[in-house]
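**Q** no FASTA, just this:
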């Protein structure tokens, strides 16, 4: 029964603005672009921001996107060889 209690406590602690993984991942590239630009994406995507504080998997995906964006900017963009 302790597993059920832990799930219930996690559910009750969920921010009501949290839009979940699917909706967060749908805007994650835009969210990461705003982070990389130095703006606060939480203003435009409050549900995604709430979700990222609770979901380690989506937060890691955001970190990966930020790394890719930073690397792309350092390399001068992806169309350099075209």
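**A** Ah, there it is. The structure displayed is predicted, hence computed values, not measured ones. Residues are numbered from 1 along each chain as shown.
**Q** use CA for all of it now, contacts and neighbours both
**A** Fine.
**Q** how far does the helix or strand encompassing residue 67 sit from the chain's center?
**A** According to DSSP states H and E, residue 67 maps onto helix 56-75. Counting by CA atoms, centre = their mean, to the nearest Å, helix 56-75 is centred 10 Å from the centre of its parent chain.
**Q** again, but for stretch 35-43
**A** That offset, for stretch 35-43, works out to 11 Å (CA atoms, centre = their mean).
**Q** buried ones in that stretch?
**A** 36, 41 (16 or more other CA atoms under 10 Å).
**Q** Could you do stretch 51-61 as well?
**A** 51, 52, 54, 58, 59, 61.
**Q** The fourth one contacts residue 21, correct?
**A** Yes. Taking CA atoms under 8 Å as the contact criterion, residue 58 and residue 21 are neighbours in contact, 6.9 Å apart.
**Q** Could you tell me which residues touch both of the two?
**A** Counting by CA atoms under 8 Å, 6 or more residues apart in numbering, the shared contacts of residue 58 and residue 21 are residue 51.
**Q** In JSON lines, list the buried residues of stretch 51-61 along with pLDDT and distance to residue 30.
**A** Listed next are the buried residues of stretch 51-61 as JSON lines, based on pLDDT from 0 to 100; distance: CA to CA, whole Å:
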{"residue": "51", "pLDDT": "95", "distance to residue 30": "15"}
{"residue": "52", "pLDDT": "96", "distance to residue 30": "14"}
{"residue": "54", "pLDDT": "90", "distance to residue 30": "19"}
{"residue": "58", "pLDDT": "97", "distance to residue 30": "14"}
{"residue": "59", "pLDDT": "97", "distance to residue 30": "14"}
{"residue": "61", "pLDDT": "97", "distance to residue 30": "13"}
